[in-house]
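S.K.: Fold the following for me, if possible:
(2 chains)
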2 protein chains.
Amino acid sequence: MKLYDYLPSGNSYKVRLLLSYLGIDYTHVPIDIHKGETQTPAYLAMNPAGQIPLLQLGDGRTLAESNAILMFLAEDTPYCPVNHFDHAKVLQWMFWEQYRHEPAIAVARYISHYAPERKAELPALHEKGRAALAVMDAHLATTAFFAGSGPSAADISLYAYTHVADEGGFDLAEYPNVEAWCARMAEHPRHILITDIPA
Amino acid sequence: MKLYDYLPSGNSYKVRLLLSYLGIDYTHVPIDIHKGETQTPAYLAMNPAGQIPLLQLGDGRTLAESNAILMFLAEDTPYCPVNHFDHAKVLQWMFWEQYRHEPAIAVARYISHYAPERKAELPALHEKGRAALAVMDAHLATTAFFAGSGPSAADISLYAYTHVADEGGFDLAEYPNVEAWCARMAEHPRHILITDIPA
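M.R.: Numbering: from 1, shown residues only, chains lettered A, B, ... in the order given. Okay, here's the model as predicted:
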């Protein structure tokens, strides 16, 4: 399979991280989102939403949305609970990630790196992002991982932008349970960094 | 089971619609989001995100996020494809709904109904919402439903706010494939309206 991917993107990193955990070989196709490479007719034919990451199967079919790709890859592996309720809880946290977490924490990081002209948006994003981190911290006070008994696709999804939240102006030291969970995630024997370039 | 729910909410309607399709009896617990009823300590203990809808099982466990609730209820029914790739495509469209569709189309409707002081946000929301409707219209040019061969949880998810998009200032006549799909959705023998109060 091929992964169309932008290395600094946390949404892309989610997929690279799970592919590494699963030991799946894939072709890495770097896409530069700043050069309009997701907005070409050829790319939009593969993903009308014009976003990375995008997974392409051997038969040419494509799958978009980082969390949908995670669930596609995680099914029937230890990263997707078999229990029906735990499975739904994984999805609950992943939908929460895309609605409450990513639009604040990832966007603050994006603006800090690439869009200084949008820095007036940062105070509102920081308020929203801190609320999200507080929800995570409260949840992790009583559980080692977000759903089920070990790291799941939900943890991978939330880890991607949380562990680099400092790049958007958040201080994870204010969320000790989140910090400890980030450390647990990084202990995985097949862990990779967001900066690691796929072979 | 109990559904904590706000009748005009499209996110809540998604769940009521699927419960109706499936013929599942449930207790409807109306929550008034405008009176802070999702922000009480008792409610936040059930859902730290402070949102409706919320499904509570007979044993007291709770599940949040409308699309996670849909997938929990849809599994092993005709509304969730068995095929692994189609299943992932259902999730792709549901994550897209929460990231690209709901934050524009639902928020424009909310502002139009309840928050006139935020009307300066409408032009940007209309631009974003029209882009989302155009993606749906293009997809529906070649397929009757979003993923798989019949209506799935993805269609129910997207239908909820699309069919009332006019309340937020969108004109569905500009998207004939979307309009025809809305009509197909409403043909279901167990269809209910967003205004129908559960028994």
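S.K.: How about stretch A:100-108 and chain B, any contact?
M.R.: Yes: Stretch A:100-108 lies within reach of chain B by CB under 8 Å from any CB of the partner chain, at A:100, A:102, A:103. Yep, even glycine has a C-beta here, placed from its N, CA and C like the rest.
S.K.: Not counting sequence-adjacent ones, nearest residue to the second one?
M.R.: By that I understand residue A:102. residue A:161 (6.0 Å; CB to CB, 6 or more residues apart in numbering or on different chains).
S.K.: Verify the stated contact: the one you found with residue A:108.
M.R.: No: look at residue A:161 against residue A:108 with CB atoms under 8 Å: they stay out of range, at 9.4 Å.
S.K.: Looking at these two, which is more packed in?
M.R.: Taking other CB atoms under 10 Å in any protein chain shown, residue A:161 and residue A:108 do not tie; residue A:161 has more neighbours (29 against 26).
S.K.: residues making contact with the one helix or strand that one maps to?
M.R.: Residue A:161 belongs to helix A:153-162 when assigned by DSSP states H and E. Here helix A:153-162 makes contact (CB atoms under 8 Å, 6 or more residues apart in numbering or on different chains) with A:10-11, A:13-14, A:17-18, A:21, A:66-67, A:70-71, A:74, A:79-80, A:89-91, A:93-94, A:97, A:101-102, A:105-106, A:109, A:133, A:136, A:145-147, A:172, A:178, A:181-182, A:185, A:194.
S.K.: do the same with stretch A:177-189
M.R.: By CB under 8 Å, 6+ apart, stretch A:177-189 touches A:21, A:133, A:136-138, A:140-141, A:144-145, A:151, A:155-156, A:159, A:162-163, A:172-173, A:191.
S.K.: Touching, residue A:46 and residue A:55? I think so.
M.R.: No: with contact defined as CB under 8 Å, residue A:46 does not reach residue A:55; the gap is 10.2 Å.
S.K.: Need the overlap of contacts for those two.
M.R.: A:4, A:62.
S.K.: So which of these two has more stuff around it?
M.R.: More crowded of residue A:46 and residue A:55, by other CB under 10 Å: residue A:55, with 25 against 17.
S.K.: Roughly how far does that one sit from chain B?
M.R.: 9 Å (CB to the nearest CB, to the nearest Å).
S.K.: Mind telling me what element that residue is part of?
M.R.: Here residue A:55 is assigned to strand A:54-56, by DSSP H and E.
S.K.: before we move on, back to that, list only buried entries from the contacts of stretch A:177-189.
M.R.: By neighbour count, with 16 or more other CB atoms under 10 Å in any protein chain shown, these hold A:21, A:133, A:136-137, A:140, A:145, A:151, A:155-156, A:159, A:162-163, A:172 as buried.
S.K.: any chance of those in JSON lines, with distance to residue B:124 and pLDDT too?
M.R.: Converted to JSON lines, the buried ones among the contacts of stretch A:177-189 look like this (distance: CB to CB, whole Å; pLDDT from 0 to 100):
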{"residue": "A:21", "distance to residue B:124": "39", "pLDDT": "97"}
{"residue": "A:133", "distance to residue B:124": "27", "pLDDT": "98"}
{"residue": "A:136", "distance to residue B:124": "29", "pLDDT": "97"}
{"residue": "A:137", "distance to residue B:124": "32", "pLDDT": "97"}
{"residue": "A:140", "distance to residue B:124": "35", "pLDDT": "97"}
{"residue": "A:145", "distance to residue B:124": "37", "pLDDT": "97"}
{"residue": "A:151", "distance to residue B:124": "38", "pLDDT": "97"}
{"residue": "A:155", "distance to residue B:124": "34", "pLDDT": "98"}
{"residue": "A:156", "distance to residue B:124": "32", "pLDDT": "98"}
{"residue": "A:159", "distance to residue B:124": "31", "pLDDT": "98"}
{"residue": "A:162", "distance to residue B:124": "28", "pLDDT": "98"}
{"residue": "A:163", "distance to residue B:124": "31", "pLDDT": "98"}
{"residue": "A:172", "distance to residue B:124": "31", "pLDDT": "98"}
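S.K.: Tell me the one among those residues nearest to residue B:28.
M.R.: residue A:136 (30.5 Å; CB to CB).
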